[in-house]
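> no sequence for this one, just the structure:
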């Protein structure tokens, strides 16, 4: 069931979103060559807690850390550890925060030092696809329009869209209805819904330089591209309005 949020609930989610945005800004500042993803996780966890938030990923279905830190061919759910970032890496950081029992979730992919032009272009296309999807998301629009917007833009630029992982509704829980795929399928069209004002979504394109197929590593969490080519991930939590969507994680 898709739940529309009241103005009060949206403001609580905006509070969570501010903490997420600050944590992602901190990640951009701290993610440098020779830094471990574990250290990054610990610094961001301190920031979240000091601002009155709770890192919702920690303990979620057994996930051991407060952020997801996914490097290069890692798509999502990378577990922070002792691996050091190095010049030329790309790092996807995904952060979810609960504030007064309401959740916001966002992600970005950051370059570590100098990255090559092909990686820069991948990041640019992924981020722009998110911006276009957010522009397409408004009341009385079908959910599939968001999915189609991402897929068409990404594929037009020669990349593939991850199919096994999607965006989602969000609010009192991190994952609520509806799922928000980044591609159009028959099952999506069969279950398509019209968006209404007050619906809150986490839209999150995950795109690949190579093919879209993924697999999960032995730690049971980290998702990688099967061909081990680079992947990028950008995400915002938004609320649907009668006009352009309101981004809660800016």
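That came through, no problem. Predicted model, so just to flag it, every value in this text is computed and none were measured.
> measure residue 55 to residue 228 for me?
Residue 55 sits 29 Å away from residue 228, going by Cβ to Cβ, to the nearest Å. Any C-beta I mention is one placed from the backbone N, CA and C, and that applies to glycine too.
> same check on residue 200?
35 Å.
> kindly report the same for residue 138.
38 Å.
> ok, these two, which is more surrounded?
Neighbour count, other Cβ atoms under 10 Å: between residue 138 and residue 228, residue 138 has more, with 18 against 11.
> quick one, what contacts that one?
For residue 138, the contact set (Cβ atoms under 8 Å, 6 or more residues apart in numbering) comprises 195, 240, 241, 242, 243, 244, 245.
> now the buried members of those residues.
195, 240, 241, 245 (16 or more other Cβ atoms under 10 Å).
> just the helices from the chain, written as ranges.
Per DSSP state H, the chain carries helices over the ranges 7-30, 37-50, 117-136, 143-156, 186-190.
> number of nearby residues for residue 119?
19.
> and if you look at the one 10 residues further on?
Neighbour count for residue 129, taken as other Cβ under 10 Å: 27.
> was I right to think it contacts residue 155?
No. With contact defined as Cβ atoms under 8 Å, residue 129 does not reach residue 155; the gap is 9.9 Å.
> could the contacts of residue 138 go into CSV alongside distance to residue 19?
Below are those laid out as CSV (distance: Cβ to Cβ, whole Å):
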residue, distance to residue 19
195, 26
240, 22
241, 22
242, 27
243, 26
244, 23
245, 20
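> looking at these, which is nearest residue 148?
Set against residue 148, the nearest of the contacts of residue 138 by Cβ to Cβ is residue 195 (13.6 Å).
> any idea how far that closest one lies from residue 84?
The value you get for residue 195 to residue 84, if Cβ to Cβ is used, is 43 Å.
> same question, residue 231
From residue 231 to residue 84 the distance is 20 Å (Cβ to Cβ).
> residue 99 too?
Counting by Cβ to Cβ, the gap from residue 99 to residue 84 is 32 Å.
> and those two? Which one has more around it.
Higher neighbour count among residue 99 and residue 84: residue 99, with 22 against 15, using other Cβ under 10 Å.
> what sits closest to that one if chain neighbours are left out?
Residue nearest to residue 99 in three dimensions, not counting chain neighbours: residue 16, with 3.8 Å by Cβ to Cβ, 6 or more residues apart in numbering.
> pLDDT-wise, which helix or strand of the protein ranks last?
In the chain, no helix or strand scores lower on mean pLDDT, DSSP states H and E than helix 186-190, which sits at a mean of 95.
> off-centre distance for that helix?
Distance of helix 186-190 from its chain centroid, counting by Cα atoms, centre = their mean, to the nearest Å, is 23 Å.
> contacts for it, please.
143, 144, 147, 181.
> the closest residue to residue 26 other than its chain neighbours: neighbouring residues, count only.
Take residue 26 and drop its neighbours on the chain: the residue closest to it by Cβ to Cβ, 6+ apart is residue 47, 5.4 Å away. By other Cβ under 10 Å, 21 other residues sit near residue 47.
> what's the answer for residue 207, then?
29.
> from residue 143, how far off is the residue of the chain most remote from its centre?
For the chain, the largest distance from the centre (Cα atoms, centre = their mean) belongs to residue 190, which lies 25.2 Å off. With distances taken as Cβ to Cβ, residue 190 is found 12 Å from residue 143.
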